[in-house]
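S.K.: Generate a structure from the sequence data that follows.
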Amino acid sequence: MAPAMELVLLFIITLVCTLSAVAIQTHPLDPLTPAEFSLVRTIISKSYPTSSSHANLTFQYVGLDEPDKQTILSWLSSKSKPKTQIPRRAFVVARFEKQSLEIMVDLSTRSIASTKVYKGHGFPKMTFDEEAVASVLPFKYKPFIESVKKKGLDLSQVVCTTFSVGWFGQVKTDRILNIQCFYTNMTVNLYARPLEGITVVVDLDEMKIVGYSDRMVAPVPKGEGTEYRAAKLKPPFGPKLKGSAFWQPQGPGFEIHGHTIRWANWEFHVGFDIRAGPIISLASVYDLEKQEYRRVLYRGFISELFVPYMDPTTDWYYKTYFDSGEFGFGQSASSLQPLTDCPSNAAFLDAFYQNSQGSPVHIPNAFCIFEKYAGDVMWRHTEIVIPNQVITEVRPDVSLVVRMVSTIGNYDYIIDWEFKPSGSIKLGVGLSGILEMKGGKYTHTDQIKEEIYGTLLADYTIGLNHDHFLTYYLDLDIDGDANSFVKSNLETVKVTVADHGTPRKSYWKVVRETAKTEADARINLGLKASELLVVNPNKETKVGNKVGYRLIPSSVSHPLLVADDYPQIRAAFTNYNVWVSPYNKSEKWASGPYTDRSRGDDTLAVWSKRDREIQNKDIVLWYTVGIHHVPSQEDFPVMPTLSGGFELRPTNFFERNPVLKVLPPQHVNLPNCTIKS
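M.R.: I've put the predicted structure just below:
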């Protein structure tokens, strides 16, 4: 090779190596990459060979082992450019020879740092792969085939899916799930046509059927009227909605650098986890007067979603799902559809998780990020008292939304994190999709003489009563990590004429109580008028108020199951709307790390019994959004979105209105394309 060509080749190799070195400079909270998933698989597979027939290695959970909090904070405050790379580690839960292994993989050294066999109750999250394999087992099982024939159904039109079975006091529990099946003839709305009474039990470790029953309890509901695909619907259509446009001639107002988002006065990091789904970290808001970013939220995500159905009968009693810990909120993320799931001005981020073999799975468009302007008002005032003047000042409200949709079986959960220039963070959840329906023997409510545990929606079709409890993990760091939880109770005070010389008889005042331990902070909302704040007791405004953020709930719901009912024992973390605990890196899953068939002995409710000190500490706020759902006919055949959520709002955090000096956006004149006759 000529010397000149050698120099050119050397330059290209050097350039490629340099670019590769830049590429691996990731944010320490970035989710694992496809290359890292593959590396984890390679490292672990070498240590746990599966050559023998009884040895089977499956990857149930692979996620970033979050670096210690102080390490992250030191990295953020570092002035070095580029910042020193924090070593990356992956935490893995694998099944091997019917045991759950906790494996820590050091990606920097390409080695296993530690391995531990889990000896407690419960099992790790199920994978799509094993659920898919289990779902087809009935089609080679003679009793099931005979049951379908007896019903006069076409076996090729039957589909089956998996359901977790919970725990109901058993001393010994196997890793099993139930299979239930549906008829798709004349519809793709399979949940509307259940083969009621048929249940197949599958052992996931053995991957074989270990139980079967067919009680022939009800006819298969009809397929007519269950279609929801636009291409298959027939006229008349309506209501008719006219199109709208959102145009930003100067481009989007936000910037995306890897997984870091900057918009208006906000900066934060968007992560992803196979169990939690979206994770928002390091959210800081810019204070115009202080000329600096101030910390608000270190880390936030949905820790668990508990969905108990209210039918205690043989075929339904076990349907008390923990959607995050059993099925995986992130694993169930749907690819978002541009222009429908998200507006035209949205940008998208992909996500990755591992399958049961440890290989990376790609979810295109897992997140969308967009500026939202829905005609809301940020603030306004009209002044007419000043003589000869009418003063009107209005600021339109614009916010930034990070959205993900998780489809877990029949339900679609629309998860929004909405950031507002005022410093507020609004957390929203929308419930849509298909009701879980039970086959019945009724065609009219007049025929019903017994408890059906729900609402008759159509012929032979019952929508069952159920709950949705979403528990959020919120590691708030208000201007630093030393925070306190304050209950501001609003109490009525009676007065007499003698007190103030006026005819008023009462007023209310604020009585503040700072929670000293975890027991002080457990709250069921709605029992008394109060405001709940996380404050930094070491920081004050100029006039002396403690800086803080307030929790503003929307609708409030409490569990209605008795405390010693087995599902509620497992979900005791929903017994209160609010919990506060000291920060502990290992305490992030409210239902415990091994939720499938768990017994409620390693949950937030159990950890909190230690009653640890939380005053002026690094604390975590846990808040549960509860929705009681009594199905109605409007929810059939597909459900209009039902919404819930809450707001985290600055309270004495700023010296004054932080959006006072926000100028109205410049009006954009769209071209007039009207054709005149």
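S.K.: Dihedrals phi and psi, residue 118?
M.R.: The phi/psi pair for residue 118 (degrees, to the nearest 10) reads phi -80, psi 130.
S.K.: Ok, residue 608 next?
M.R.: phi -70, psi -20.
S.K.: now it, nearest residue through space, not along the chain?
M.R.: The shortest distance from residue 608 to any non-neighbouring residue, by CB to CB, 6 or more residues apart in numbering, is to residue 518 (4.7 Å). For glycine as for every other residue, the C-beta is placed from the backbone atoms N, C-alpha and C.
S.K.: my guess is that neighbour contacts residue 617, does it?
M.R.: No - with contact defined as CB atoms under 8 Å, residue 518 does not reach residue 617; the gap is 10.6 Å.
S.K.: Residues in contact with both of these two, list them for me.
M.R.: Common neighbours of residue 518 and residue 617 (criterion: CB atoms under 8 Å, 6 or more residues apart in numbering): residue 582.
S.K.: Give the residue spans of the stretch 51-200 of the chain that score low on pLDDT.
M.R.: By pLDDT under 70, the low-scoring segments of the stretch 51-200 of the chain are 51-55.
S.K.: all helices of it, in order?
M.R.: Under the criterion DSSP state H, counting those that start in this stretch, helices of the stretch 51-200 of the chain are mapped to 69-77, 128-135, 142-150.
S.K.: any residues touching the first one, and which ones?
M.R.: If I follow you right, that is helix 69-77. Contact with helix 69-77 is made by 28-29, 67, 83-84, 86, 282, 298, 481, 583, 585, 618, as judged by CB under 8 Å, 6+ apart.
S.K.: Using a markdown table, please lay out those together with distance to residue 565 and neighbour count.
M.R.: Compiled in a markdown table, the contacts of helix 69-77 are given as follows (distance: CB to CB, whole Å; neighbours: other CB atoms under 10 Å):
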| residue | distance to residue 565 | neighbour count |
| --- | --- | --- |
| 28 | 42 | 18 |
| 29 | 38 | 20 |
| 67 | 40 | 17 |
| 83 | 50 | 14 |
| 84 | 51 | 9 |
| 86 | 45 | 17 |
| 282 | 40 | 21 |
| 298 | 35 | 21 |
| 481 | 38 | 18 |
| 583 | 31 | 18 |
| 585 | 32 | 10 |
| 618 | 35 | 18 |
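S.K.: who's in contact with residue 283?
M.R.: 266-269, 295-297, 300, 419, 425.
S.K.: and it, helix, strand or coil?
M.R.: Per DSSP: H, G, I helix; E, B strand; the rest coil, the local secondary structure of residue 283 is strand.
S.K.: Beta-bridge partners for it, please?
M.R.: Beta bridges link residue 283 to residue 297, judged by DSSP bridges.
S.K.: how about the strands in the stretch 251-400 of the chain?
M.R.: For the stretch 251-400 of the chain, strands defined by DSSP state E, counting those that start in this stretch occupy the ranges 254-257, 260-263, 266-273, 277-287, 292-308, 320-322, 347-354, 360-372, 377-383, 391-396, 399-408.
S.K.: Over to the stretch 101-250 of the chain?
M.R.: According to DSSP E, counting those that start in this stretch, the strands that the stretch 101-250 of the chain contains are 111-118, 158-163, 176-183, 198-203, 208-214.
S.K.: Please produce TSV containing these, extended by mean neighbour count.
M.R.: Formatted as TSV, the strands of the stretch 101-250 of the chain follow (neighbours: other CB atoms under 10 Å):
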stretch	mean neighbour count
strand 111-118	13
strand 158-163	19
strand 176-183	21
strand 198-203	21
strand 208-214	14
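S.K.: Would you mind putting those into TSV with distance to residue 600 alongside?
M.R.: Listed next are those as TSV, based on distance: least, CB to CB, whole Å:
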stretch	distance to residue 600
strand 111-118	17
strand 158-163	20
strand 176-183	19
strand 198-203	23
strand 208-214	24
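S.K.: thinking again about what came up before, which of the strands of the stretch 251-400 of the chain sits most buried?
M.R.: Among these, ranked by average contacts under mean count of other CB atoms under 10 Å, first place goes to strand 320-322 (a mean of 25).
S.K.: contact partners of that one?
M.R.: 163-164, 166, 304-309, 327, 408, 567, 570-571, 591, 595-596, 598.
S.K.: related to what we said a few turns ago, any idea which of the helices of the stretch 51-200 of the chain gets closest to residue 534?
M.R.: Taking CB to CB, helix 69-77 is the member of the helices of the stretch 51-200 of the chain nearest to residue 534, at 16.5 Å.
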